[in-house]
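Visitor: pasting the structure only:
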Ligand SMILES: Nc1ncnc2c1ncn2[C@@H]1O[C@H](COP(=O)(O)OP(=O)(O)OP(=O)(O)O)[C@@H](O)[C@H]1O
């Protein structure tokens, strides 16, 4: 409720109009039964048809105002509601942008999607009803009770007798529905997770003919979701007729005893009709309020899940007052760096790593899979922070940098070439928004992308579909490299970014890059020895430890692990 309240209060003006319409509508709704009673008791009973006509027209005019107010209420309510949800989604997105990898892993990408879409939708549905009925129904209920007492104190006891039962019913239902709602949203997270995995891994699933297995996996979570939804529906299915039953009992009692009082001359027909109208209003308001109240547990679960996203603070702060300018450009020093993934109980995946890389140098990392190469380079742009030891860039600890300034020094080319839906041009400009056409062509030329771009029907304006699915792996890698080159950073970090290139393109690209990076520091993670054998320094990693550092020639002689890797890939002549 705190979340909903906070966001609602951002739109006080709309809330005021909403409230004004509610208020006007109530006055009209509650005035009508009294007017009807008068029309019967004065006009109809005394056969004063002029009075009936006048009252009828007056009531019609009031109904027209009521309808207008109702329409305005719908308009202001919807505007307020959508404004609130836009704000909530914007704030969620903004906060998520600041998350480090650690927070994404903790909350889960699928869950974050569900929270931004479905949970926000649940809150919107509740607010939509609440803003319309949440104020109106309690006021209407209280005012109707007052009118009931005024019209006939003796008949009102039937209504008051029923209220505790109604309240109890609502509370019980809310209690039962809360855990069910929580389960339902968690099941929705799982549906999203499986859906995401399936859609992005469609080719793998088909290649391994695992469609049936995946269908079963999806069916299972879908059924779990359906089971919790069915329980909720059953609850509503039992609750609604229960309330209507009580509602009708009260009406029957009122009419029964009211008729007797008329017979005894203690009550007038008009009074009984307006009394019944008020009872109807009171009970109907209660029922509507109960239906909003019953939506609350589910909305509260969703609001809590949203609040968690908003409250999650990134473990890697932006550090706005941090260092922005440095005297040198591109000197990297690792000083006894140890790193364990946050929350993982395992031993560190990198232990006591130290090395230096200077501008103009290429430092490569090689080692078996899982030896910690990607982890190591991800510490440089602070995707994660070191557990022990320090990383210095141009003499400044990476933690002391303004995060944007730090990342602007680095051209990071990830292992998986992730591109965005849009044109080739847009994807390359992602590296530098104000790049000129000349920069664009230059980056494409260095990354060996010019040829394939010119072969595309629309050249730089060729569209990439979601995830670049209409481009080959090698083309995507070259575009990812071009995206980094275009910003001409002081530091290049290639995380196995040449793996999808054929040997010739790989060699051409490295030769061209060498010319481009004479004043930059280049770090390369690679599996292929041929990709890194020209490096100034090769760091050999084994299960998180640096086992040797040297040139290709030195390591062939001094490092058994390196020799084993090299001999498995190179010919005798190349090794000699
Ligand atoms: N996000 C993560 N959370 C927990 N552990 C992780 C995470 N990412 C990697 N690891 C673990 O850290 C270790 C090093 O992984 P890393 O990806 O750095 O190896 P790598 O040498 O780059 O491997 P490859 O050559 O296969 O890409 C592995 O044991 C891996 O299971």
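Guide: Done, it's in. As the structure is a computational prediction, the values presented were derived from the model and not from experiment.
Visitor: tell me where the stretch 201-350 of the chain has helices.
Guide: 202-207, 211-263, 269-311 (DSSP state H, counting those that start in this stretch).
Visitor: residue 135 is in contact with residue 19, correct?
Guide: Yes - contact criterion C-beta atoms under 8 Å: residue 19 and residue 135 qualify, at 6.3 Å. From N, CA and C alone the C-beta is placed, and that goes for glycine too.
Visitor: between those two, which one's more packed in?
Guide: Between residue 19 and residue 135, counting by other C-beta atoms under 10 Å, residue 135 is the more crowded of the two (18 against 15).
Visitor: what's around the closest residue to residue 397 other than its chain neighbours, how many residues?
Guide: Closest residue to residue 397 apart from its sequence neighbours, by C-beta to C-beta, 6 or more residues apart in numbering: residue 390 at 5.3 Å. Number of residues near residue 390 (other C-beta under 10 Å) recorded here: 14.
Visitor: parallel or antiparallel, list what pairs with the one helix or strand residue 390 maps to.
Guide: Per DSSP states H and E: residue 390 is located in strand 388-393. Strand pairing for strand 388-393, determined by DSSP bridges: strand 332-339 (antiparallel), strand 396-397 (antiparallel).
Visitor: could you dump these into JSON lines and include mean pLDDT, distance to residue 2 and mean neighbour count?
Guide: JSON lines is the format used below for the strands paired with strand 388-393 (pLDDT from 0 to 100; distance: least, C-beta to C-beta, whole Å; neighbours: other C-beta atoms under 10 Å):
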{"stretch": "strand 332-339", "mean pLDDT": "94", "distance to residue 2": "38", "mean neighbour count": "19"}
{"stretch": "strand 396-397", "mean pLDDT": "94", "distance to residue 2": "38", "mean neighbour count": "17"}
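Visitor: turn those strands into TSV, columns for distance to the ligand.
Guide: Shown next, in TSV, are those (distance: least, C-beta to the nearest ligand atom, whole Å):
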stretch	distance to the ligand
strand 332-339	9
strand 396-397	22
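Visitor: quick check on the nearest residue to residue 497 once chain neighbours are set aside: phi, psi?
Guide: The shortest distance from residue 497 to any non-neighbouring residue, by C-beta to C-beta, 6+ apart, is to residue 413 (4.1 Å). Dihedral angles of residue 413 (phi, psi; degrees, to the nearest 10) stand at phi -120, psi 110.
Visitor: up against the ligand, what does the stretch 401-550 of the chain have?
Guide: Contacts of the stretch 401-550 of the chain with the ligand, taken as C-beta under 6 Å from any ligand atom, are absent.
Visitor: quick one: the strands in the stretch 401-550 of the chain?
Guide: Using DSSP state E, counting those that start in this stretch, the strands found in the stretch 401-550 of the chain span residues 410-413, 422-423, 463-464, 491-495, 521-525, 537-542, 545-550.
Visitor: and among the ones you listed, the most buried is which?
Guide: Most buried of those, by mean neighbour count (mean count of other C-beta atoms under 10 Å): strand 521-525, with a mean of 25.
Visitor: tell me which other helices or strands that one touches.
Guide: Counting contacts by 3 or more C-beta pairs under 8 Å, 6 or more residues apart in numbering; DSSP states H and E, strand 521-525 packs against strand 362-367, helix 373-378, strand 491-495.
Visitor: so which helix or strand takes in residue 194?
Guide: helix 153-200.
Visitor: circling back: any idea which of the strands of the stretch 401-550 of the chain scores lowest on pLDDT?
Guide: Lowest mean pLDDT within the strands of the stretch 401-550 of the chain: strand 463-464, a mean of 88.
Visitor: so what are the sheet partners of that one and their directions?
Guide: Partners of strand 463-464 in its sheet, by DSSP bridges: strand 422-423 (antiparallel).
Visitor: which residues touch the partner strand?
Guide: 458, 460, 461, 462, 463, 464 (C-beta atoms under 8 Å, 6 or more residues apart in numbering).
Visitor: returning to what we had before: in JSON lines: the strands paired with strand 388-393, plus distance to residue 429.
Guide: Formatted as JSON lines, the strands paired with strand 388-393 follow (distance: least, C-beta to C-beta, whole Å):
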{"stretch": "strand 332-339", "distance to residue 429": "27"}
{"stretch": "strand 396-397", "distance to residue 429": "29"}
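Visitor: how many neighbouring residues does the nearest residue to residue 440 once chain neighbours are set aside have?
Guide: Sequence neighbours aside, residue 428 is the residue nearest to residue 440 in space, at 5.8 Å (criterion: C-beta to C-beta, 6+ apart). Per other C-beta under 10 Å, the neighbour tally for residue 428 reads 27.
Visitor: before we move on, the earlier item: run the angle between the helix holding residue 194 and helix 211-263 for me.
Guide: Angle of helix 153-200 versus helix 211-263, following axes from the mean of the first three to the mean of the last three C-alpha atoms, to 10 degrees, is 170 degrees.
Visitor: who touches the spatially closest residue to residue 282 that is not a sequence neighbour in this structure?
Guide: Closest residue to residue 282 apart from its sequence neighbours, by C-beta to C-beta, 6+ apart: residue 144 at 3.7 Å. Neighbouring residues of residue 144 by C-beta under 8 Å, 6+ apart: 30, 278, 279, 281, 282, 285.
Visitor: go again with 7 Å.
Guide: By C-beta atoms under 7 Å, 6 or more residues apart in numbering, residue 144 lies in contact with 30, 278, 281, 282, 285.
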